[in-house]
Structures are given as structure tokens and as C-alpha cells.
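Enquirer: Need a 3D model of the following:
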Amino acid sequence: MSWQTHQVSNQYDELRDYNLFVTDNALREVLARTGGGWAEPWLVGYGDQLGRAETFEQAELANHFPPQLAAFDSRGRRIDRVDFHPAWHELLALYRSQGLVSLPFDSERNGRWAAFLAGFYLHGQVEAGSLCPATMTEAAIPLLQREPVLWSQLGSKLFSYGHDSRDVPLEDKASAWIGMGMTEKQGGSDVRANATQASPVGLGGRGGEYLLRGHKWFFSAPMSDAHLVVAKTPDGAPSCFYVPRWRPDGSRNAVAVQRLKDKVGNRSNSSSEVEFQDAWGVLIGEAGRGIPTIIEMATYTRLNCVIGSAALMRQGVVQALAYARQRMVFGRRLAEQPLMRAVLTELALESEAALWLAARLAQAFERDEAAWKRIVLPAAKFWVCKRAVEVCGEAMEVFGGNGYVDAGPMARLYREAPVNSIWEGSGNVMCLDMLKSIHREPEAWQRLLSELRMLAGDDADLRTALADLRDLSAWPAEELEIQGRRLAQSLVLTVQGCLLRAYAPQQVADGFIVSRIADACWGPVLGALDARRMDVAALLRRAFPE
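Expert: Prediction:
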């Protein structure tokens, strides 16, 4: 007896087997504009490898089978080991094989940060969880480079192109991963409220050695070979410590993993709660300067939050466009329906604007430009990470009910999106950081406005937006705080408009500026823009070739 009642038709799988780099017009232009053109041959190969069906399958497996904590071995000995699906290690090995962990720091090549951005951006479109340990390791490099003894032990392992998954002492490994641990229950983003205590070993902590006792409510990637941790020295001053997984004598360090977090997204990556039971650590940087030290690390991770959110948006847009161009609805393809075209156009504009902003910020790291790193970066993390939630939600909706189930990547993209907004400083913290920098560094703020005026050229809408920004930022600090989100949003939109006007094709700049800056009604919902005022066909062709 046959149970078949119908033929499956008008159903299309998510996009696979395409080159993520070759099909991204904007990324290729960004790379050339920011000095990273030398990396294009490598990125063509990486984009092809990432776009293969088997790589997408690895991403699905790593997230479908999340890490598991093995607190004890079969005889009751404490081991605190986290076990992963093999696909997780394959993804980490793939990323590391590209040299991306150390690329920003392994030379003085012009455009190295642009090349890094491109590689990170491509990988983040396929699997984002593996970028957490990669980001923390990258961000730890400049801090550890200032510690001669540690760097002599770690340098070659951090610059390695190989992935060593073994849980053995670091001196026996070919490469290393570095995590971080700041957040405690009582403090959250307020790291100064941390209660973990660091007691010196021997007279005055000779050699910088300490024993740490306390807890961390979020301890990212506990299987890393070491973590950078904030704890208070006996005088109550927060300091930063290097805490390895294994002690120098070859025994396991006293970092007890209490449990793994059951997260909304980012499920392939392990996040944990831990107790320090007199864990051995070494002071990093100056005693009592732990907050500035760890904030320096967080500055790098915040950039990666922006790039990672842009990557999620890009993948959502590509998948939505590819599907809508095949699906038939009401007698014609979904991508030909006027209202859907407005939605897809808005998604494409949001995605490209996020990419240009992320690229300019990466360039600022290469040039060490204070205004972009201290003022624009926190505002960008606030805005772009939140827009990723909106964009991924709309992209998921293009697939209808099929987008909401876990048989494909759209639901995973949506669940992944909020993490970048929450980790490394939530939205309000980012806005406060931006406001502090504007008031503390007025010269940098004025330099930024001057640069933006130059980029805006004679665009009247951008000139008006810049004048509004200048006026709003001049409010007294105590009055401006409540307007922090408004200022951050206005700043990012204006910066994006200026960058697009200066560097992107005219139809992209026109579409962005007329919808987000000139239209006072824009904002409540994606797809509500006036598509009559832009070249929709050209924008969609640019976003992803048919």
C-alpha cells in the first residue's frame, strides 16, 4: 500500500556549494579599498572551502551535538573535561589553518586587518561558535606579547597554523587557545564588583605568582589552554592574571567546572561556570590595573562582535535572496513580488552598510585611530549587533514556517544573533563607553566629525545629520546619558551613510541615505522603506548574483 498523497514541488533547499567570497561584490571592493587586495587569491580558496555542502554539514553537526562536561573520569578523579563532536575540532582546525588567529599581529603588512576581517567575516557566515575561542586567543596576543617570560613559552603556539585538541600540558602542545573570565554573579558588566581573591605565593608574590580563590559566572571556552582572569590582590585592587589549565608541575590547575551553560544560541561553543580553588596564576600587566588590561582585550573582541554580526546578516540575506528567487507565490517568483522586494532591498542595504563600517573599524585598528576605536566602535557594537537580530529574523521569515525549524540554518542564525549584543558589554554599557569617550576626548570627537564631513562631500542629508550629531553631543553629560542610545544610533547611521557615499556604488549610498537619514519615518520595521526612490533591481543583483 502506498502512503503517498502528493508530489513535493515548489520547495527549495538552502543555498550550498557556492563561493562565499567570489559572490560577495561588496566584500571584494572593501578588501581592495582598505589595502588587503593581496589576500584575494587566498580568500577565493577559503570562500570555496567554506561554501561547500560538507562544511555547512559540519556546522550543523557541531551545533546539533553541543559540548558535554565530563567532570570525573571512570574512577572518580576530577578531570573537568569538555567533550565536543568531531565537527567542532574540524571547524577550529579549518579556521586556524588560515592563520587568522595571529594575522593582525604577525607582520606590519598593509591591509592585514582588512584581510583578517574578510576571513573572519566569511567563516562567521557558516559557523559562529568556533569564532569565540578564536577571538579570545587573537585578543590575548598583544597583551601576552608584553610579558617576556610568558611570550617565550607561548608565542610560537599562538602563531601556529595548527589545531591541537589534546588535553595535555601546554609545553607538550603545538598550538594554544586562550579564553577569558571576567563575569561574576554579583557584578555582570561591573567587573569592579568582582569578589575573586588573588593571594601571592611566597614573599610578596615573588615571580608574579598567585593563588586565585572565587568563582566566574561566565567562563568562556573552559577547554582553552589558559585564561586571562580578573581577581583582586590583597589591597583590593583588581588585577589581571594568566591562569593555565595545567600547573607548571604538570598537575591540573584547580579550576573546577561546575556546569556548562545551556545557551539560546552559540551552542557549538562551551561556556561554563567555574570555581577557583586556589588556582595557580601569574600576574599580567601592572598590579591594580586589571580593568584597563582586560578592557584592552575586550576592545579587540568587540570589533569581532561587529564583524561577526555583519557576517550573520550577510548569510541571512544571501539565503533569503537565493530562496526567494526560486519560490513561486501567487503566480510569480517571490523575489518579484513588490513587497518582498522592499524587504530584500532593506536587508541588502543593512548588510552592506554593516560590512563597510566593520571594515573601517578594522582599518582603525591597523592605524591605531583613537576616535574610531573609542567612540565609533562601542556605538557600532551597540547598533550593528542589534540590527543582526532584526535582519536574521526577517531573513528567517522569508522561508515561512520552514525557516523556523532546525532542519536548516535560518533558525540557528537567528538564535546566534543576540549573543554579540550581550557579550563583551551589553547595549547600555556600549552607549556609556561611547559617551565617556566623547566627553573625555573632545579633540578626537572633533577629528571624527571633520573626517565624516569630508566623506559626506556635498550630500545635504548627511551634512544635516552631522550638524544634529554635533548639537546633541554638546549636551551636558548628566543630561545626555538618557539619550545615549539615540546618539549611538544617529552616530552609526551617519557614519555608515558617509562611508557608503564615499566608497560604495551610488545606488547603494542613495538607497541607504534616502531610507535611513532623509526619511524621518524610517525605523519601526524592516521593509517599510520607500522602494520607489531607489534602484531595487541593481541593489538585489549586487547583494547576490542570480
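Enquirer: rest of the way, CA atoms for contacts and neighbours
Expert: OK.
Enquirer: in which helix or strand would I find residue 396?
Expert: Using DSSP states H and E, residue 396 sits in helix 377-398.
Enquirer: same deal with residue 189?
Expert: Counting by DSSP H and E, residue 189 is found in no helix or strand.
Enquirer: Any idea how many residues pack against it?
Expert: 18 (other CA atoms under 10 Å).
Enquirer: Determine the set of other helices and strands touching the helix holding residue 396.
Expert: If you count contacts as 3 or more CA pairs under 8 Å, 6 or more residues apart in numbering; DSSP states H and E, helix 377-398 packs onto helix 290-324, helix 338-367, helix 410-416, helix 418-422, helix 427-440, helix 484-503.
Enquirer: and for it, what are the contacting residues?
Expert: The contact list for helix 377-398, computed with CA atoms under 8 Å, 6 or more residues apart in numbering, reads 302-303, 305-306, 309-310, 312-313, 316-317, 319-320, 324, 347, 350, 354, 357, 361, 403-404, 410-411, 413-414, 417-418, 420-421, 426-428, 430-431, 433-434, 488-489, 491-492, 526.
Enquirer: ok, how many other residues are close to residue 522?
Expert: Neighbourhood size, residue 522 [other CA under 10 Å]: 16.
Enquirer: right, and it touches residue 513 too?
Expert: No. Here residue 522 does not reach residue 513: they are 10.7 Å apart, not a contact under CA atoms under 8 Å.
Enquirer: Point out where the stretch 1-150 of the chain drops to low pLDDT.
Expert: Along the stretch 1-150 of the chain, segments meeting pLDDT under 70 span 1-2.
Enquirer: Please repeat the previous calculation with a cut-off of 80.
Expert: Residue ranges of the stretch 1-150 of the chain with pLDDT under 80: 1-3.
Enquirer: quick one: the strands in it?
Expert: Counting by DSSP state E, counting those that start in this stretch, the stretch 1-150 of the chain has these strands, from start to end: 68-72, 78-83.
Enquirer: Mean neighbour count, these: which tops it?
Expert: Across those, averaging neighbours per residue (mean count of other CA atoms under 10 Å) puts strand 78-83 on top, at a mean of 17.
Enquirer: angle of that one against strand 68-72?
Expert: With axes from the mean of the first three to the mean of the last three CA atoms, to 10 degrees defining the directions, strand 78-83 sits at 160 degrees from strand 68-72.
Enquirer: From the contact counts, what lies against strand 78-83?
Expert: By 3+ CA pairs under 8 Å, 6+ apart, strand 78-83 packs against strand 68-72.
Enquirer: cutoff 10 Å now
Expert: Contacts defined by 3 or more CA pairs under 10 Å, 6 or more residues apart in numbering; DSSP states H and E place strand 78-83 against strand 68-72, strand 255-260.
Enquirer: Generate a markdown table for those strands, with distance to residue 291 as supplementary columns.
Expert: What follows is those, written out as a markdown table (distance: least, CA to CA, whole Å):
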| stretch | distance to residue 291 |
| --- | --- |
| strand 68-72 | 30 |
| strand 255-260 | 22 |
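Enquirer: Is it possible to get TSV of the helices and strands packed on helix 377-398 that adds mean pLDDT, mean neighbour count and distance to residue 45?
Expert: Converted to TSV, those look like this (pLDDT from 0 to 100; neighbours: other CA atoms under 10 Å; distance: least, CA to CA, whole Å):
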stretch	mean pLDDT	mean neighbour count	distance to residue 45
helix 290-324	96	24	18
helix 338-367	97	23	21
helix 410-416	96	24	24
helix 418-422	96	22	27
helix 427-440	95	20	36
helix 484-503	97	22	26
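Enquirer: Export these as CSV, with columns for distance to residue 454.
Expert: Formatted as CSV, the helices and strands packed on helix 377-398 follow (distance: least, CA to CA, whole Å):
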stretch, distance to residue 454
helix 290-324, 24
helix 338-367, 15
helix 410-416, 37
helix 418-422, 30
helix 427-440, 20
helix 484-503, 9
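Enquirer: Just the CA trace of stretch 40-57, in PDB.
Expert: Listed next in PDB are the C-alpha coordinates belonging to stretch 40-57 (Å, rounded to 0.1, in the frame of the first residue of the first chain):
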ATOM      1  CA  GLU A  40      42.300  37.900  -2.600                       C
ATOM      2  CA  PRO A  41      43.700  34.600  -4.000                       C
ATOM      3  CA  TRP A  42      43.800  33.100  -0.500                       C
ATOM      4  CA  LEU A  43      40.200  34.300   0.200                       C
ATOM      5  CA  VAL A  44      38.900  32.800  -3.100                       C
ATOM      6  CA  GLY A  45      40.100  29.400  -1.900                       C
ATOM      7  CA  TYR A  46      38.800  29.900   1.600                       C
ATOM      8  CA  GLY A  47      35.400  31.100   0.300                       C
ATOM      9  CA  ASP A  48      35.200  28.000  -1.800                       C
ATOM     10  CA  GLN A  49      36.000  25.700   1.100                       C
ATOM     11  CA  LEU A  50      33.600  27.300   3.500                       C
ATOM     12  CA  GLY A  51      30.800  27.200   0.900                       C
ATOM     13  CA  ARG A  52      30.900  23.500   0.300                       C
ATOM     14  CA  ALA A  53      28.000  21.400   1.500                       C
ATOM     15  CA  GLU A  54      30.200  19.400   3.800                       C
ATOM     16  CA  THR A  55      31.300  22.500   5.600                       C
ATOM     17  CA  PHE A  56      27.800  23.600   6.200                       C
ATOM     18  CA  GLU A  57      27.100  20.000   7.400                       C
END
